[in-house]
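Enquirer: test case, fold it:
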Amino acid sequence: MRAVREAVKVEKAEGLVRLVGDVGRVQSKAGTRAALDGLRIAESPGDMSRIAQLAAAKGGKTRAILKLAGRGAIMVTMATFDLAMWVLWGLLTAFGLVSSLKRTAERITERYCARRRRLRAALAAQ
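Expert: Numbers count the residues shown, from 1 in each chain. This next block holds a predicted model:
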């Protein structure tokens, strides 16, 4: 009885549910044959998730991409995602650098103006 309860635990079935959901997404976006081709190529549930992302982006072209590129299609999808993340972080870093440089220039200008005012006030007091 205990073995039956452990076999049906929800935590252990979560990965399987996610895999079936990914197969369903591929089937709805790209068709049944693309889903079957994806299952043939995928070696892990993570691969099927990437194929589902590819199907969401490319739709009916997914099967052709899987046929031509094979497992390379999964790697291209991940490489594209990684490249997009690098570009995003690069833009955010550049924005931070420009903001920092702008504020530094403002501080330098404020200090220079304050110094000039003090010098003028000192000269006027003499």
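Enquirer: so what does the biggest helix by length in the chain touch, helix or strand wise?
Expert: Criterion DSSP state H: the longest helix present in the chain is helix 71-125. Packing partners of helix 71-125 (3 or more C-beta pairs under 8 Å, 6 or more residues apart in numbering; DSSP states H and E): helix 32-41, helix 45-58, helix 62-69. C-beta: built from backbone N, CA, C; applies to glycine.
Enquirer: if we look at the shortest one, which residues are touching it?
Expert: For helix 62-69, the external contacting residues (C-beta atoms under 8 Å, 6 or more residues apart in numbering) are 26, 29-31, 33-34, 37-38, 41, 51, 54-55, 58, 73, 76.
Enquirer: mind checking which helix or strand of this structure has the lowest mean pLDDT?
Expert: Evaluated with mean pLDDT, DSSP states H and E, the helix-and-strand set of the chain has its lowest mean pLDDT in helix 2-7, which scores a mean of 60.
Enquirer: for the protein, give me the ranges with low pLDDT.
Expert: 1-13 (pLDDT under 70).
Enquirer: past the least confident helix or strand of the chain, which element shows up next along the chain?
Expert: Moving toward the C-terminus from helix 2-7, the first helix or strand encountered (DSSP states H and E) is helix 10-30.
Enquirer: flag every buried residue along that next one.
Expert: Judged by neighbour count using 16 or more other C-beta atoms under 10 Å, the buried positions of helix 10-30 are 19, 22-23, 25-27, 29-30.
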